[in-house]
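1. give me the fold of what follows.
(one chain, ligands or ions: 1)
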Amino acid sequence: MTTSTLLPAGRTAPGPASERASEFPNHMLESPAIDPETTTEPEPELDPVAERAAETARRAAPAIEVRSLTRFFGKRPAEALQKLRSGASRADVAHLGTAAVVDAEFDVRRGEIFVVMGLSGSGKSTLIRMLNGLLEPTSGSVTVMGERITGVSPKRLRAIRRDHVSMVFQHFALLPHRSVLDNAAYGLEIQGVPAEERRERAERVLQRVGLGGWGDKRPSELSGGMQQRVGLARALAADTDILLMDEAFSALDPLIRREMQEQLVELQQELGKTIVFITHDLNEAMFLGDRIAVMRDGRIVQLGTAEEILTDPADDYVAQFVQDVDRARVLTAGNVMESPRAIVSSSAGPRAALRIMRDQQTSTVFVVAPGRRLLGVAHDREVLRLVQRGARRLDDAVRDDIATVGPDVYLSELFESSVEQELPLAVVDDERRLLGVVPRVTLLAALGNVATTGEFPAVDPPATVPVDVITETLRNTEPGGSEPEPVSAADEGSRA
Ligand SMILES: Nc1ncnc2c1ncn2[C@@H]1O[C@H](COP(=O)(O)OP(=O)(O)OP(=O)(O)O)[C@@H](O)[C@H]1O
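-> Below is the predicted model:
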């Protein structure tokens with residue numbers, strides 16, 4: 001799909017086709033509940049200058065802004081709201097009804113995958129239904145692409161949804177008597193897009209989700225995974241800025257589900273859509289989410305990246321919740337790396353390298369050039385020989401056949417290299433600057449969620465030359481005058 005297929009923002013009402021919404025399955029059409037507490041605000045008329053300023057603000061706004069959002073199902077909402085505002089829990093107001101969502105407050109940034117995660121009943125679906133105006137909040141507000149959707153007229157709300165928000169459901173919501181192509185094009189039909197353009201766009205999107213050539217089939221001829229791709233294609237064809245996905249992959253078997261997750265991440269990167277994804281599956285949340293909101297009993301108890309939630313859970317509930325996560329698929333080398341302890345600047349020479357290895361009681365030292373660019377590693381035996389020969393340069397002992405990884409590589413991909421070599425893995429950036437190291441024990445500890453401090457002292461490979469031999473050699477070969485202090489690699493790094 002190219003941007004040339006995008007409909008211009010702020011396009012006008014689509015005409016009669018938009019009234020054919022009755023073909024949508026009921027739950028896709030659910031009209032906003034009219035809450036006695038919520039009044040419909042008149043849409044103010046703006047002068048041209050104010051309108052331009054408002055447009056500029058809209059363009060800069062987050063994709064979705066949620067403020068103090070609460071939805072209470074029950075008879076005395078005002079009383080419940082008052083209690084909830086002063087910190088009452090869902091259980092505290094249970095005698096009045098159900099506090100489905102309580103005081104949610106967050107922004108969804110443009111172009112991110114924002115995951116809402118929580119156990120069944122925690123309030124996820126209620127929250128997402130308020131994000132596209134299917135459900136009116138009891139209090140608080142939702143703003144979509146800079147435009148407030150809370151309390152606006154049903155007509156305005158439909159226009160905002162049409163332009164900005166598509167929804168993908170768990171049970172596909174496909175129309176059984178229509179072809180795959182017509183299903184994919186359905187949102188466009190509702191928008192009033194002419195038949196030929198609809199067809200073209202739907203075909204392109206079907207191709208993109210791997211269903212090229214299936215357009216003439218009926219949904220029932222497709223597997224579950226393929227049907228969900230049609231659901232996704234329909235949402236993508238509408239070309240809205242935001243996709244809301246409610247447990248969209250939950251009905252799929254694990255392998256297909258994994259495939260769909262990977263494809264969603266790919267599509268997101270390619271198309272730059274903002275995606276709000278609801279799931280009760282933790283691994284799915286961690287894999288997909290740029291940021292994750294964890295819900296419990298209607299409240300958002302933590303909002304952060306997968307790494308933040310895994311490594312710094314806000315409370316015992318979240319900690320318990322995340323303990324079974326497949327960390328290898330969430331954490332990256334950059335998340336768990338440590339500062340290399342034995343590191344020397346190449347210009348410091350063999351004596352400095354040997355001294356550092358002796359002090360750290362390790363057989364290897366990382367050797368870096370100015371700017372902390374990794375040259376390789378040097379081993380104690382070889383450096384000892386250089387010192388004995390009185391060599392001034394370290395180069396002859398530097399081996400560059402070491403495993404390096406980028407900071408964004410997942411731990412699951414580090415096992416092989418880690419098993420193959422005794423050295424900690426070197427984490428380097430694109431310019432081969434040494435960012436840190438991942439010793440094998442750190443890798444194992446990260447996977448088991450164990451703090452390494454003090455528990456795993458053996459981080460570097462142990463020395464192969466005894467300390468007193470090194471000390472003796474350094475003393476016997478000391479050049480005239482006092483031994484210069486070694487230039488630490490950290491100093492080199494900061495000088496660069
Ligand atoms: N229309 C309604 N009337 C009364 N209570 C409701 C209504 N919709 C949801 N609830 C209640 O609000 C709470 C949150 O429900 P919600 O469906 O939002 O949770 P969820 O996290 O999406 O759960 P699930 O994963 O099971 O769908 C639940 O206790 C639910 O029973």
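
2. and the residue nearest to L175 when sequence neighbours are not counted, what helix or strand is that in?
-> Leaving out its chain neighbours, the residue that sits closest to L175 by C-beta to C-beta, 6 or more residues apart in numbering is N183, at 5.7 Å. No exception for glycine: its C-beta is placed from N, CA and C like everyone else's. Using DSSP states H and E, N183 falls within helix 180-184.

3. before we move on, back to that, any idea how far N283 is from the residue nearest to L175?
-> Going from N183 to N283 by C-beta to C-beta, to the nearest Å gives 29 Å.

4. the more surrounded of those two?
-> Ranked by neighbour count (other C-beta atoms under 10 Å), N183 and N283 place N183 first, with 26 against 18.

5. residue contacts, that one?
-> L174, L175, P219, V230, R234 (C-beta atoms under 8 Å, 6 or more residues apart in numbering).

6. near the ligand, which residues of the stretch 101-250 of the chain?
-> G118, S120, G121, S122, G123, K124, S125, T126 (C-beta under 6 Å from any ligand atom).

7. and which of those residues is nearest S346?
-> G118 (52.5 Å; C-beta to C-beta).

8. what is the neighbour count of the closest one?
-> G118: 23 neighbours (other C-beta under 10 Å).

9. where's it relative to L131, distance?
-> 15 Å.

10. dump the C-alpha coordinates for stretch 255-266 into PDB.
-> Provided in PDB are the C-alpha atoms of stretch 255-266 (Å, rounded to 0.1, in the frame of the first residue of the first chain):
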ATOM      1  CA  LEU A 255       2.000 -21.400  15.600                       C
ATOM      2  CA  ILE A 256      -0.300 -19.300  13.500                       C
ATOM      3  CA  ARG A 257      -0.600 -16.900  16.300                       C
ATOM      4  CA  ARG A 258       3.100 -16.400  16.400                       C
ATOM      5  CA  GLU A 259       3.200 -15.900  12.700                       C
ATOM      6  CA  MET A 260       0.500 -13.300  12.900                       C
ATOM      7  CA  GLN A 261       2.400 -11.500  15.700                       C
ATOM      8  CA  GLU A 262       5.500 -11.300  13.600                       C
ATOM      9  CA  GLN A 263       3.600 -10.100  10.600                       C
ATOM     10  CA  LEU A 264       1.800  -7.400  12.700                       C
ATOM     11  CA  VAL A 265       5.200  -6.100  13.900                       C
ATOM     12  CA  GLU A 266       6.400  -6.100  10.300                       C
END
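
11. got a list of contacts for that stretch?
-> 113, 209-210, 223-225, 228-229, 232, 248-250, 252, 275, 277, 284, 287-288.

12. can you do 6 Å?
-> Here stretch 255-266 makes contact (C-beta atoms under 6 Å, 6 or more residues apart in numbering) with G225, F249, F287, L288.

13. how about the second one, secondary structure?
-> This means F249. State at F249, reduced to three classes by DSSP: H, G, I helix; E, B strand; the rest coil: coil.

14. where does the protein dip in pLDDT?
-> Applying pLDDT under 70 to the chain flags the ranges 1-46, 172, 418-420, 448-460, 480-496.

15. could you chop it up by domain?
-> 3-325, 334-495 (automatic domain parsing).

16. quick one: residues contacting the residue minimising distance to the centre of the chain.
-> Centre of the chain computed as the mean C-alpha position; nearest residue by C-alpha atoms, centre = their mean is D290, 1.9 Å away. D290 makes contact with E112, I113, according to C-beta under 6 Å, 6+ apart.

17. check D408 too.
-> With contact set as C-beta under 6 Å, 6+ apart, D408 has these partners: T332.

18. give me the three-state assignment for it.
-> At D408, secondary structure determined by three-state DSSP is coil.

19. any figure for the gap between it and D326?
-> Taking C-beta to C-beta, one finds D408 at 17 Å from D326.

20. same question for I149.
-> 37 Å.

21. now do G74
-> For G74 relative to D326 (C-beta to C-beta), the value is 39 Å.

22. give me phi/psi at the nearest residue to L157 once chain neighbours are set aside?
-> Leaving aside its sequence neighbours, L157 sits nearest to G133 (C-beta to C-beta, 6+ apart; 4.6 Å). Here is the backbone geometry of G133 (degrees, to the nearest 10): phi 80, psi 10.

23. what number of residues lie near G133?
-> Quick note: G133 (other C-beta under 10 Å) scores 23 neighbours.

24. how about A463?
-> 18.

25. quick one, what contacts it?
-> Contact partners of A463, counting by C-beta under 6 Å, 6+ apart, are Q361, T362, S363, D380.

26. identify the residues contacting M117.
-> Counted by C-beta under 6 Å, 6+ apart, M117 has contacts T279, A285, I292, V294.

27. then F366?
-> Contacts of F366 by C-beta under 6 Å, 6+ apart are P340, I343, V377.

28. how about a cut-off of 10 Å?
-> Residues in contact with F366 (C-beta atoms under 10 Å, 6 or more residues apart in numbering) are 340-344, 353, 356, 372, 374-378, 398, 402, 423-424, 426, 434, 437, 489.

29. can you check V205 too?
-> Residues in contact with V205 (C-beta under 10 Å, 6+ apart) are 1, 5, 181, 184-185, 188, 211, 229-230, 232-239, 267.

30. mind doing that once more with 8 Å?
-> Taking C-beta under 8 Å, 6+ apart, we find V205 in contact with M1, A184, A233, L236, A237.

31. about what we covered before: and the contacts of M117, which of them are in strands?
-> Using DSSP state E, the members of the contacts of M117 that fall in strands are T279, I292, V294.

32. do I have it right that the second one meets I309?
-> Yes. Between I292 and I309 a contact is recorded at 5.8 Å, counting by C-beta atoms under 8 Å.

33. name only those of the residues of the stretch 101-250 of the chain next to the ligand that count as buried.
-> Listed as buried from these are G118, G121, S122, G123, K124, S125, T126; burial here means 16 or more other C-beta atoms under 10 Å.

34. how about the residues of the stretch 351-496 of the chain that lie near the ligand?
-> Residues of the stretch 351-496 of the chain lying near the ligand by C-beta under 6 Å from any ligand atom: none.
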